[in-house]
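Enquirer: This is a predicted model, with the sequence first.
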Amino acid sequence: MTSTGASAQHLRDLARLRRVRDRIDREYAQPLDVEALARDAHMSAGHLSREFRQAYGESPYAYLMTRRIERAMALLRRGDLSVTDVCFAVGCSSLGTFSTRFTELVGVVGVPPSVYRRDAASATSGMPACVAKQVTRPIRNREARSASRK
């Protein structure tokens with residue numbers, strides 16, 4: 001393959017990866033798995049995972065869980081839903097997995113969803129929603145590692 005052909009293929013692959021990422025952003029609450037995402041992108045699951053990680057710094061599954069946790073944080077800040085209701089509303093099927101991943105992503109020391117729900121409403125009161133979302137954004141593992149090295 002010529003360098004022009006390789007470059008064109010690389011651009012097509014990046015466009016497919018963007019479509020996968022956009023689909024995850026749109027359909028985070030739906031049952032999504034890497035195999036289905038890969039099939040729709042006309043890639044193998046392994047190839048999609050490798051390419052996605054190279055392009056975005058994390059696996060498709062990690063990206064999906066981060067989106068779900070971000071949405072869960074917003075729902076928990078509202079305070080009108082239980083942790084279990086939020087878990088299922090964002091597309092998680094296991095309360096244990098949801099709680100574990102939530103605790104890993106939220107805060108430096110990790111905050112379980114029940115504590116976050118109790119404390120978050122008062123911590124962001126008076127803030128516009130867009131500011132609250134930015135301030136309370138989950139810390140991905142790679143970002144946490146970078147911050148701890150500083």
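Expert: Nice, thanks for sending it over. Residues are numbered from 1 along each chain as shown.
Enquirer: If we go by neighbour counts, what in the longest helix seen in the chain is buried?
Expert: Across the chain, the longest stretch assigned as helix under DSSP state H is helix 3-27. Under the neighbour-count criterion of 16 or more other CB atoms under 10 Å, helix 3-27 has Asp13, Arg16, Leu17, Val20, Arg21, Arg23, Ile24 buried. Using the backbone N, CA and C atoms, a C-beta is placed for each residue, glycine as well.
Enquirer: Can you check the pLDDT for Arg118?
Expert: At Arg118 the predicted local confidence, pLDDT, stands at 84.
Enquirer: That one: neighbouring residues, count only.
Expert: Counted with other CB atoms under 10 Å, residues neighbouring Arg118 total 13.
Enquirer: any idea how far it is from Val111?
Expert: Shown here: Arg118 relative to Val111, a distance of 10 Å by CB to CB, to the nearest Å.
Enquirer: what do you get for Cys92?
Expert: According to CB to CB, Cys92 and Val111 sit 17 Å apart.
Enquirer: Model confidence score at Ala147, please.
Expert: As predicted, Ala147 sits at a pLDDT of 47.
Enquirer: Actually, Cys87.
Expert: Confidence at Cys87, expressed as pLDDT, is 96.
Enquirer: again with Cys92
Expert: Looking at Cys92, its pLDDT reads 95.
Enquirer: Setting aside sequence neighbours, what's the nearest residue to it?
Expert: Nearest non-adjacent residue to Cys92, counting by CB to CB, 6 or more residues apart in numbering: Phe98, 4.0 Å away.
Enquirer: All good on my end, thank you.
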